[in-house]
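K.L.:
no FASTA, just this:
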């Protein structure tokens, strides 16, 4: 399978190279390793290869997107098989974490988890705040139920997440090898965590501010009250159009949330923490007393707890709430199956002010309650496990003793952490890749002699580039907005779950953002005849977007109104740049006042279209 994957990958990466499309059957690697495998030859024929004499050849008429689909399918299947092989030695345990002296890994995910954890109440207090702490401490035990873990694993696309993590790891290894990164590479589990966060936010869970009317579908319902049904809080919304009342149940059972997949931060963090536990990671449900909830995951590679906010797709940016959102942390408690910790100090830079705000109990009462609950959760654990947890807690307390000064960029919730982490999150990808669209290789002939055409579309909703031929067959598909860029400065892709919109904008901490696509010829005998461009950009308040097409000293402004515009100023030129500059805006959301390719998530039409005709000199 490895040889077959390599053949397909070479064709996808360089579709016009005929050497990659032709396989010599007498080649020892092909005859003994590939064709000897059961079903391998049939698979090649299915893909489109034709057998002639001593060769298997793939005609150029086979669409490149079809080859890419076969490649991805085989890659996922191979990863799943290898993952299953790794799991053969993993036996289900009724007390998985108690017996596990080693640190968990996604390559060995337990199939059942059932903790022998006491769930009785131990705090003898009438203080409502302390009682709520015990409530949360009991709530997280639901993540350890074998049924919940098994159900969660059915939903997590582990193989896909691992494939994407491996691709990120290769990028990091490449940057280490070239010297652009001098830090050690992260563990693969940390990269899988980032992929899980991204998948959870963008593909699995949905944010709900208020439900649409169940009767007529009208979106602007308004709240009219609350009730309780079987212990769950139920919000009631009325439709101003048909007067129908719609109920929105605030589920707290993580198993139910796997099915409903919607809610606000409480539901998001509740479900995400279960998924992290199902992956075999040490994870905690974190409750901010000022009405926000998220997750912490212990990174064995970083040897510390990582803040993970699934609502924001944010990892390792704990100061974003205080510095970016303007919140004033008071009590932030992290709850795990075998631990509980006051982690307020991870999320603030001003310890003295935070202490002044803490008045729901004395510090001694809080400490005593945490120690009692921690003892209750750990009393049935093995001696070795207790020692490990004690060391981990001590290390964390030392870390929390020293306030950390945020970087200016972290004030908006990004770019903190090591270089390898930022590489893994794709935040400085533009520093290590410069993509060039070779327009002659991805072109098709027109009726006129020596005239060819390059046609590129980008869809912001599907986040994919596609090059087409004259019959609208896909010649090349490239996933990921930043993967097709030559240069990018402080830009990210924003999905508004509430407004159902998606667009490119500059990062929250940046006063300016830049995008550059570069188009060039590999064959020096071609030059540009004509350029057609369609792009869309939206500005609000005093936001500003400049879009130009440039070639050396020639620059032409581009209209940003979703209409196809023709440009002939570049006739005879050998290359082309399409550039966007984003700036301006007002207040804390200034970054949001300049948006490129803004579009409804439900739409699938292209956000950008570029057509370049070229002529042989």
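P.N.:
Received, thanks. Since we're looking at a predicted model, the values are computed, not measured.
K.L.:
Next secondary structure element downstream of the helix or strand hosting residue 133?
P.N.:
Assigned by DSSP states H and E, residue 133 belongs to helix 128-139. Remark: after helix 128-139, the chain's next helix or strand is helix 146-155, criterion DSSP H and E.
K.L.:
hey, where'd the strands end up in the stretch 401-550 of the chain?
P.N.:
For the stretch 401-550 of the chain, applying DSSP state E, counting those that start in this stretch gives strands covering 436-438, 443-445, 451-459, 464-468, 474-479, 487-489, 491-496, 501-506, 512-520, 526-534, 537-539, 543-551.
K.L.:
right, and those strands - which one's nearest residue 163?
P.N.:
strand 474-479 (12.2 Å; CB to CB). C-betas here are computed from N, CA, C, even on glycine.
K.L.:
So which bits of the closest one are buried?
P.N.:
Within strand 474-479, the residues that qualify as buried are 474-478, counting by 16 or more other CB atoms under 10 Å.
K.L.:
Now render these as TSV, adding distance to residue 225 and pLDDT.
P.N.:
Output for the buried residues of strand 474-479, formatted as TSV (distance: CB to CB, whole Å; pLDDT from 0 to 100):
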residue	distance to residue 225	pLDDT
474	52	92
475	57	92
476	55	92
477	50	91
478	50	91
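K.L.:
Compute the distance between the residue nearest to residue 603 when sequence neighbours are not counted and residue 321, please.
P.N.:
Nearest residue to residue 603 in three dimensions, chain neighbours excluded: residue 461, at 6.0 Å (CB to CB, 6 or more residues apart in numbering). Taking CB to CB, to the nearest Å as the measure, residue 461 falls 30 Å from residue 321.
K.L.:
which SS class is the residue nearest the centre of the chain?
P.N.:
Centrality entry for the chain: nearest residue to the mean C-alpha point is residue 198, 2.2 Å, by CA atoms, centre = their mean. Secondary structure for residue 198, judged by DSSP: H, G, I helix; E, B strand; the rest coil, is helix.
K.L.:
residues contacting the residue nearest to residue 603?
P.N.:
Shown in contact with residue 461 (CB atoms under 8 Å, 6 or more residues apart in numbering): 502, 599-604, 607.
K.L.:
how about a cut-off of 6 Å?
P.N.:
Residues counted as contacts of residue 461 (CB atoms under 6 Å, 6 or more residues apart in numbering) are 502, 599, 601.
K.L.:
cool, and residue 249?
P.N.:
Counting by CB under 6 Å, 6+ apart, residue 249 touches 232, 234.
K.L.:
In three-state terms, label it for me.
P.N.:
strand.
K.L.:
Is it bridged to anything, and to what?
P.N.:
residue 234 (DSSP bridges).
K.L.:
just residue 342 next, same as before
P.N.:
Beta-bridge partners, per DSSP bridges, of residue 342: residue 333.
K.L.:
Residue 29 belongs to a helix, doesn't it?
P.N.:
Yes: the assignment for residue 29 (three-state DSSP) places it in a helix.
K.L.:
Roughly how far does it sit from residue 3?
P.N.:
6 Å.
K.L.:
what about the two, which has more around it?
P.N.:
residue 3 (16 against 12; other CB atoms under 10 Å).
K.L.:
what about the helices in the stretch 251-400 of the chain?
P.N.:
Taking DSSP state H, counting those that start in this stretch as the test, the helices found in the stretch 251-400 of the chain are 254-260, 265-278, 351-357, 363-378, 383-400.
K.L.:
Pick the most deeply packed of these.
P.N.:
When you average the neighbours per residue for each of the helices of the stretch 251-400 of the chain (mean count of other CB atoms under 10 Å), helix 265-278 leads with a mean of 25.
K.L.:
for it, what is the average pLDDT?
P.N.:
Per-region confidence: helix 265-278 scores 96 on mean pLDDT.
K.L.:
what helices or strands is it leaning on?
P.N.:
Packed against helix 265-278 by the contact rule (3 or more CB pairs under 6 Å, 6 or more residues apart in numbering; DSSP states H and E) you find helix 146-155, helix 254-260, strand 283-288, strand 292-299.
K.L.:
Format those as TSV; extra columns: mean pLDDT and distance to residue 554.
P.N.:
Below are those laid out as TSV (pLDDT from 0 to 100; distance: least, CB to CB, whole Å):
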stretch	mean pLDDT	distance to residue 554
helix 146-155	94	53
helix 254-260	93	55
strand 283-288	98	54
strand 292-299	96	50
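K.L.:
Redo the ones you listed as a markdown table? Include distance to residue 573.
P.N.:
Putting these into a markdown table (distance: least, CB to CB, whole Å) gives the following:
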| stretch | distance to residue 573 |
| --- | --- |
| helix 146-155 | 51 |
| helix 254-260 | 55 |
| strand 283-288 | 55 |
| strand 292-299 | 49 |
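K.L.:
For the chain, name the helix or strand with the lowest mean pLDDT.
P.N.:
helix 96-99 (a mean of 36; mean pLDDT, DSSP states H and E).
K.L.:
now the strands of the stretch 401-550 of the chain in CSV, with distance to residue 284?
P.N.:
Formatted as CSV, those follow (distance: least, CB to CB, whole Å):
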stretch, distance to residue 284
strand 436-438, 45
strand 443-445, 54
strand 451-459, 38
strand 464-468, 36
strand 474-479, 33
strand 487-489, 34
strand 491-496, 26
strand 501-506, 31
strand 512-520, 35
strand 526-534, 48
strand 537-539, 40
strand 543-551, 39
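K.L.:
That's all I had, so thanks and see you.
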